[in-house]
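In: any chance you can model this:
(2 chains)
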2 protein chains.
Amino acid sequence: MRSPQFIRNGETPPRIPAAPNFHSTVSLQKLRRFNLLILLLRVATFCFSLSAALFMATNFRSGPAKWVHFDAFRFVLAANGIVAVYSFFEMAASVWEILKGSTPLPEVVQLWFDFGHDQGFAYLLLSANAAGTAETRNLRGGDTCAADNAFCIQSAISVALGFAGFVFLALASLLSGFRVACFIITGSRFHL
Amino acid sequence: MRSPQFIRNGETPPRIPAAPNFHSTVSLQKLRRFNLLILLLRVATFCFSLSAALFMATNFRSGPAKWVHFDAFRFVLAANGIVAVYSFFEMAASVWEILKGSTPLPEVVQLWFDFGHDQGFAYLLLSANAAGTAETRNLRGGDTCAADNAFCIQSAISVALGFAGFVFLALASLLSGFRVACFIITGSRFHL
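Out: Sure thing, here's the model as predicted:
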């Protein structure tokens, strides 16, 4: 895209109002708030998906029923685990960006990486949780829950935590999508 | 954004690139292609979700099993039906926009309406299909499928069609999200 040098050398007045690395105090404050909001969403996603994964992974002690015997519950555990790991790294990237002012990967790669994974993993997590809900509802009337009610309750809690994680991940994907669009339209990830 | 005219005319380039309703031939062609792409995605979503809904709704003739007895299948039918109706109206709005050059609703309302519904209904459709998949997999080993295999096959086809509808709706939501971002950043729904 257009580099700052190109504008500085020009004889005619710049077309972009200001050089990309120049931000007013108000803009910097807005940018800081935007980055903090993203970090907050990452932390929330991490907490919820990690606890959902842990709740599901420990869901075998109460009786004969085990999560590993149910496809949908394995899917719930896998999806929440993947999202927890991803959110952890995204948290680190977000902290890096707040502290250093630049992205860990090259800007264009980082933006598309974030948005692509946010959107993809949001869909993954939602489908896992929906499948988990269907399985939980299915079990409720059957013998499994009659024999081992704690198993069913713990599964339901895990799925509910997964849905909370999904909500925060979907919000994060809106913000990272906005950053990609900013980059496509203005050549910078900031809309200031 | 910057139109070609702006560059040709300017001795001192204006800050506001061009009048909002003025587009060059190249830009108009790009715009037309973008709108046609959206229309194409709407048509594909409509076809797939309508056929998924019809496949599920007629899934009671082969034997004793009926879709209405399964929560997940009712969800699949409802979600696909809603998306089919929505896509039909969005198709009409898209044709209107291509023919008249303006949106049926005021621009800002239309953009947010499109994006919000696209994103929301994409999540709705995905969760319905995931729940339907879990139910289908569940039934496969049981008595229902042994007694009435055609029922299980037709359910699976309906869910698969629903997933195809979801893919096109998710793509449409990317495009309508981009239009919203354009509108927020540049004040116009076109990025030219």
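In: I'd say residue A:48 and residue A:165 touch.
Out: Yes: between residue A:48 and residue A:165 there is a contact under Cβ atoms under 8 Å: 3.6 Å. C-beta: built from backbone N, CA, C; applies to glycine.
In: what residues does chain A have near chain B?
Out: Chain A has residues A:12-13, A:15, A:17, A:71-72, A:123, A:126-135, A:137-138, A:170, A:174, A:177-178, A:181-182, A:184-186, A:191 near chain B, with proximity defined as Cβ under 8 Å from any Cβ of the partner chain.
In: mark which of these are part of helices, please.
Out: A:71-72, A:123, A:126-135, A:137-138, A:170, A:174, A:177-178, A:181-182, A:184-186 (DSSP state H).
In: please identify the buried residues of stretch A:152-159?
Out: A:152, A:154-159 (16 or more other Cβ atoms under 10 Å in any protein chain shown).
In: can I get the residues you listed in JSON lines with pLDDT?
Out: As requested, the buried residues of stretch A:152-159 are exported to JSON lines (pLDDT from 0 to 100):
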{"residue": "A:152", "pLDDT": "91"}
{"residue": "A:154", "pLDDT": "92"}
{"residue": "A:155", "pLDDT": "93"}
{"residue": "A:156", "pLDDT": "94"}
{"residue": "A:157", "pLDDT": "95"}
{"residue": "A:158", "pLDDT": "96"}
{"residue": "A:159", "pLDDT": "96"}
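In: quick one: mean pLDDT for stretch A:81-90?
Out: Regarding stretch A:81-90, the rounded mean pLDDT is 97.
In: any stretches of chain A with poor pLDDT?
Out: A:1-23, A:191-192 (pLDDT under 70).
In: residue in it nearest to chain B?
Out: Of all residues in chain A, the one sitting closest to chain B is residue A:181 (3.2 Å; Cβ to the nearest Cβ).
In: burial measure for the residue lying closest to that residue once chain neighbours are set aside, as a count.
Out: Nearest residue to residue A:181, sequence neighbours excluded (Cβ to Cβ, 6 or more residues apart in numbering or on different chains): residue B:181, at 3.2 Å. Around residue B:181 there are 24 other residues, counting by other Cβ atoms under 10 Å in any protein chain shown.
In: who are the contact partners of residue B:181?
Out: For residue B:181, the contact set (Cβ atoms under 8 Å, 6 or more residues apart in numbering or on different chains) comprises A:177-178, A:181-182, A:185.
In: change it to 7 Å
Out: A:178, A:181-182 (Cβ atoms under 7 Å, 6 or more residues apart in numbering or on different chains).
In: how many neighbours does residue A:31 have?
Out: 18.
In: still on that earlier bit, so residue A:48 and residue A:165 - more neighbours on which side?
Out: More neighbours surround residue A:165 than the other of residue A:48 and residue A:165, with 30 against 25 (other Cβ under 10 Å).
In: that one: which element?
Out: Assigned by DSSP states H and E, residue A:165 belongs to helix A:149-186.
In: and the angle from that helix to helix B:149-186?
Out: Put simply, helix A:149-186 runs at 40 degrees to helix B:149-186, going by axes from the mean of the first three to the mean of the last three Cα atoms, to 10 degrees.
In: can you give me the buried ones in helix A:149-186?
Out: Under 16+ other Cβ under 10 Å, the buried positions of helix A:149-186 are A:151-152, A:154-186.
In: distance from it to the middle of the chain?
Out: 6 Å (Cα atoms, centre = their mean, to the nearest Å).
In: ok, residue A:182 touching residue B:185?
Out: Yes: between residue A:182 and residue B:185 there is a contact at 6.2 Å, judged by Cβ atoms under 7 Å.
In: can you count the residues close to residue A:64?
Out: The burial count for residue A:64: 10, using other Cβ under 10 Å.
In: I'd say it and residue A:148 touch.
Out: Yes: shown here, residue A:64 and residue A:148 form a contact pair, counting by Cβ under 7 Å, at 6.1 Å.
In: now the common contact residues for those two.
Out: Joint contacts of residue A:64 and residue A:148 (Cβ under 7 Å, 6+ apart) do not exist.
In: tell me how far the closest residue to residue A:35 other than its chain neighbours lies from residue A:43.
Out: Excluding the flanking residues, the one nearest residue A:35 by Cβ to Cβ, 6+ apart is residue A:98, at 5.0 Å. Using Cβ to Cβ, to the nearest Å, residue A:98 is found at 13 Å from residue A:43.
In: cool, and residue A:149?
Out: Counting by Cβ to Cβ - residue A:149 and residue A:43 are separated by 33 Å.
In: same check, this time on residue A:182
Out: Distance, residue A:182 to residue A:43, using Cβ to Cβ: 23 Å.
In: before we move on, what about residue A:93?
Out: With Cβ to Cβ as the criterion, residue A:93 and residue A:43 are 13 Å apart.
In: and the two? Which one has more around it.
Out: residue A:93 (19 against 16).
In: the more buried one touches residue A:104, doesn't it?
Out: Yes: with contact defined as Cβ under 7 Å, residue A:93 counts as touching residue A:104 (5.1 Å).
In: isn't residue A:161 right up against residue A:56?
Out: No: the pair residue A:161 / residue A:56 is not scored as a contact, 9.0 Å apart, by Cβ under 7 Å.
In: and residue A:120, how many neighbours?
Out: Quick note: residue A:120 (other Cβ under 10 Å) scores 12 neighbours.
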